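A.B. asks: have a look; sequence and predicted model below, questions after that.
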Amino acid sequence: MIEEQRANQRVAFFGAFWRRFCRNRMAVAGAVIVLFFAGVAIFAPYLAPHDPLQSNVPNRLQPPSWENPFGTDALGRDMLSRIIFGSRISLLIALSAVALSLSVGVLLGALAGYYGRLVDGIIMRFVDVLLAFPGLFLILTLVALLGPSIWVLVVVMGGLGWPGTARIVRAEFLRLREQEFTEAAHAVGAGNMRIIFRHLLPNTMAPVIVTVTLGIPGMILGESALSFLGLGVLPPEMSWGSLINLGLPFFRTAWWLPVFPGLAIFLCVLGYNFLGDGLRDSLDPRLKT
C-alpha cells in the first residue's frame with residue numbers, strides 16, 4: 001500500500017512537472033537546441049558533407065557557398081564538417097567534466113550534510129580553500145603543468161568544478177536529515193548508507209539536475225577558452241574553441257572562420273541555459289500554482 005502511494009505520488013509529480021515544462025516556451029526551445037546539438041555530435045560521420053581533415057589547398061579560404069556552406073579554412077578544409085566534428089569533442093569534454101564534478105560534489109556534499117560536525121568542517125574548509133583561488137588561473141596553471149589533452153581538460157575542470165554542487169547537496173541534506181521520514185528510517189534500524197542513498201539522495205535530485213544543466217554551458221565555455229589559448233584540444237583533434245583559435249588570424253579576410261564556430265558555442269550555451277532555467281522553474285514546488 002505504501003509503495004503504491006509512493007508510485008502514485010511520483011506519477012503525479014512528474015505529470016505536473018511535464019505540464020509546467022511544456023508551458024515554458026523558452027525551456028522547450030532550449031531542449032530542442034540541446035537535442036539538436038546532441039544529434040549532430042552523435043551522427044557527425046553521417047551529417048558532415050566532407051572529410052574534416054581532407055586538405056584542398058587550391059580551394060583555401062573560400063567564402064560560404066553551396067559546396068561549402070560555412071566556407072573553407074586556410075588548408076581548404078570544409079568548415080561545416082569541422083564544426084560538426086568539433087561538436088563531438090566540445091560536448092564530450094563538457095559532459096565528462098560535469099559528470100566528474102557531479103560525482104565528487106554529490107558524494108562529499110552528502111557526507112558533509114549527513115554527518116555534520118567534524119566531517120562537515122573538514123569538507124567545507126576544503127571547499128573554502130578551492131574557492132579562494134581564481135578558478136581560471138588555477139585551471140590554466142594545472143593544464144600548463146600537465147600538458148594539454150582532452151582528458152587533462154576533463155580531469156582538471158571536473159576536479160575543480162564540484163564545490164558548488166557539494167554546497168547545494170550539503171544544504172539539502174542538512175534540511176532533510178531533520179525530517180520525520182529520516183527519523184523513521186533510523187527508528188526501524190536502517191544503516192547510514194541506506195538512509196543516505198535510498199532516502200535522502202533521491203530528494204536532492206531536483207536542484208542537482210538544475211545545477212548540472214546550468215553547469216554544462218560553463219564547461220563548454222571553459223574548454224573553448226582553453227582551446228582558444230592553445231591549452232586545450234590539439235590538432236588533428238578539433239573543438240569549437242580550437243577552430244576559433246585557428247581562424248582568428250584570418251578574421252579580416254575570412255570572417256567565417258571564427259564566426260561560425262563562435263555561433264555554435266553561442267547557440268549551444270544558450271540552449272542549455274534556457275533548458276536549465278526551465279527545469280528550475282518546473283521543479284520548484286513554490287511554482288506549482
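C.D. replies: Cool, got the structure. Note that the structure is a prediction, hence the values are computed from the model and not measured.

A.B. asks: any regions of the chain where pLDDT drops low?
C.D. replies: 1-13, 284-289 (pLDDT under 70).

A.B. asks: contacting residues around the residue positioned nearest the centre of the chain?
C.D. replies: Centroid-nearest residue in the chain: residue 216, 1.8 Å away (criterion: C-alpha atoms, centre = their mean). Neighbouring residues of residue 216 by C-beta atoms under 8 Å, 6 or more residues apart in numbering: 94-95, 98, 272. (Glycine included, C-beta is placed from N, CA and C.)

A.B. asks: tell me which element it is part of?
C.D. replies: Assigned by DSSP states H and E, residue 216 belongs to helix 205-228.

A.B. asks: would you mark the buried spots in that helix?
C.D. replies: Neighbour counts using 16 or more other C-beta atoms under 10 Å place 206-208, 210-228 of helix 205-228 among the buried residues.

A.B. asks: by contact count, what packs against the longest helix belonging to the chain?
C.D. replies: Longest helix of the chain, by residue count under DSSP state H: helix 79-115. If you count contacts as 3 or more C-beta pairs under 8 Å, 6 or more residues apart in numbering; DSSP states H and E, helix 79-115 packs onto helix 25-42, helix 44-47, helix 117-132, helix 150-160, helix 163-176, helix 205-228, helix 240-247, helix 256-283.

A.B. asks: deepest of the ones you listed, which one?
C.D. replies: Among the helices and strands packed on helix 79-115, ranked by average contacts under mean count of other C-beta atoms under 10 Å, first place goes to helix 240-247 (a mean of 25).

A.B. asks: and it, how far out from the chain middle?
C.D. replies: 20 Å (C-alpha atoms, centre = their mean, to the nearest Å).

A.B. asks: which residues does residue 130 contact?
C.D. replies: 160, 163.

A.B. asks: again but with residue 270, I slipped
C.D. replies: 30, 33 are the contacts of residue 270 under C-beta under 8 Å, 6+ apart.

A.B. asks: do the same with residue 167
C.D. replies: 109, 127.
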